[in-house]
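A.B. asks: Here is my input; please provide its structure:
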Amino acid sequence: MKTNTHFAFFDEGSKKEIRRAILKAVAIPGYQVPFASREMPIARGWGTGGLQITLSIIGKQDVLKVIDQGADESVNAVSIKKLVQATTGVELTERTGESSIIQSRHRIPEIALTEGQILVLQVPMPEPLRQYEAKEYKTKILHSEEDYSGAWLMLFEQIMKYGKTATGADHPVYVNNRYVMAPSPIPRFDNPKMHQSEALILLGAGREKKIYAVPPYTDVASLAFDDYPFTVESFKGKHCHLCGATNVFMDELIDHLNGETIYQCNDTSYCLERLNMDEEVEAEGEYV
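C.D. replies: Numbering: from 1, shown residues only. Got it, this is the predicted structure:
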């Protein structure tokens, strides 16, 4: 049952304004488009930017999936799903392949996204140059002049200090050979998934009032030096102790029964789908 007189919470004027910002962001990949961020029934910093995008583009025919750091059942993910469904009545799913809109915090799903799907990423800090330039008008000048020496210097200092780049998440990317962009705090493991993605990727920062995008089939390259190439987190030789998956982003856990280190798929729905698949294959074998 709807709890608001407007479909998807916002009035039509608000949704049109946000959609116009989205269209501009799609037309200029990686460029941060300012927008009038609305007040939401959740606190800023908890995904208001992504939620505003989702509420502005969702339709009655859409199927929604919401992820929070790989989990579909976290407090943040469940709360967002409840708000969207209460104001739209759309179908919810935990299966990546069944969804038309995926709103996510800190992860890109393990299952490759396809044409027609939209990934909405929640962003706390959209400006990749903020670490070394505090003034907004100066970062705009740096972007306009394509002066990203500060970003390269930041990576160089990490290499000098640690022997490698030390960005655990939100490693800056170069979009469409033009703009350096913050990919949101996704792990390095997920950066390559943005390159030539079949799905449209929209990024929203409610507190910072910015929307930006990576259109389908767009070149996205993680910043790296030729002699220190970009690398992702390695899980070589590791497998999920539940579904046996390899070559996916995993959480490192401690088995308290024996004190051993175990690994588990961070993408909980991916893990569950694999487990269900194994059960179906096993059942078919028994039947035969």
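
A.B. asks: and stretch 89-109, average pLDDT?
C.D. replies: Mean pLDDT, stretch 89-109: 97.

A.B. asks: Show me how far that stretch is from its chain's centre.
C.D. replies: A distance of 11 Å separates the centroid of the chain from that of stretch 89-109, by C-alpha atoms, centre = their mean, to the nearest Å.

A.B. asks: Go through it and flag the buried ones.
C.D. replies: 90, 93-96, 99-109 (16 or more other C-beta atoms under 10 Å). To be clear about C-beta, it is placed using only N, CA and C from the backbone, and glycine gets the same treatment.

A.B. asks: Could you single out the nearest of those to residue 50?
C.D. replies: Lowest distance from residue 50 to the buried residues of stretch 89-109 (C-beta to C-beta) belongs to residue 103, with 5.2 Å.

A.B. asks: sorry, back to before: among the buried residues of stretch 89-109, which ones are in helices?
C.D. replies: Nothing among the buried residues of stretch 89-109 maps onto helices, per DSSP state H.

A.B. asks: what about the strands in the stretch 1-150 of the chain?
C.D. replies: With strands called from DSSP state E, counting those that start in this stretch, the stretch 1-150 of the chain shows them at 33-34, 63-68, 91-92, 101-105, 118-122.

A.B. asks: can you list those in JSON lines and add distance to residue 270?
C.D. replies: As requested, those are exported to JSON lines (distance: least, C-beta to C-beta, whole Å):
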{"stretch": "strand 33-34", "distance to residue 270": "32"}
{"stretch": "strand 63-68", "distance to residue 270": "10"}
{"stretch": "strand 91-92", "distance to residue 270": "17"}
{"stretch": "strand 101-105", "distance to residue 270": "12"}
{"stretch": "strand 118-122", "distance to residue 270": "15"}
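
A.B. asks: Against residue 94, how distant is residue 193?
C.D. replies: Remark: distance between residue 193 and residue 94 (C-beta to C-beta, to the nearest Å) = 19 Å.

A.B. asks: should've said residue 85
C.D. replies: Counting by C-beta to C-beta, the gap from residue 85 to residue 94 is 13 Å.

A.B. asks: go on, residue 192?
C.D. replies: 24 Å.

A.B. asks: which residues touch residue 160?
C.D. replies: Going by C-beta atoms under 8 Å, 6 or more residues apart in numbering, residue 160 touches no other residue.

A.B. asks: Surely it forms part of a strand?
C.D. replies: No. Counting by DSSP: H, G, I helix; E, B strand; the rest coil, residue 160 is located in no strand; its state is helix.

A.B. asks: what's the spacing between it and residue 83?
C.D. replies: For residue 160, the distance to residue 83 - C-beta to C-beta - is 46 Å.

A.B. asks: With residue 12 instead?
C.D. replies: 18 Å.

A.B. asks: between these two, who's got more neighbours?
C.D. replies: Higher neighbour count among residue 12 and residue 83: residue 83, with 21 against 10, using other C-beta atoms under 10 Å.

A.B. asks: So for this structure, the centremost residue is which one?
C.D. replies: Nearest to the mean C-alpha position of the chain, by C-alpha atoms, centre = their mean, lies residue 121 at 3.8 Å.

A.B. asks: tell me which residues form a beta bridge with that residue?
C.D. replies: residue 104, residue 203 (DSSP bridges).

A.B. asks: Tell me how far it lies from residue 13.
C.D. replies: Counting by C-beta to C-beta, the gap from residue 121 to residue 13 is 25 Å.

A.B. asks: Please apply the same query to residue 158.
C.D. replies: For residue 158, the distance to residue 13 - C-beta to C-beta - is 45 Å.

A.B. asks: Look at these two and report which has more neighbours.
C.D. replies: Taking other C-beta under 10 Å, residue 158 and residue 13 do not tie; residue 158 has more neighbours (15 against 8).

A.B. asks: Spit out the contact partners of the more buried one.
C.D. replies: Counted by C-beta under 8 Å, 6+ apart, residue 158 has contacts 164, 165, 166, 167.

A.B. asks: Residue 74: which of these is nearest?
C.D. replies: Out of these, the member with the shortest distance to residue 74 (by C-beta to C-beta) is residue 167, at 24.0 Å.

A.B. asks: burial measure for the closest residue to the closest one other than its chain neighbours, as a count.
C.D. replies: Nearest non-adjacent residue to residue 167, counting by C-beta to C-beta, 6 or more residues apart in numbering: residue 188, 6.8 Å away. Number of residues near residue 188 (other C-beta under 10 Å) recorded here: 19.

A.B. asks: Alright, calling it a day.
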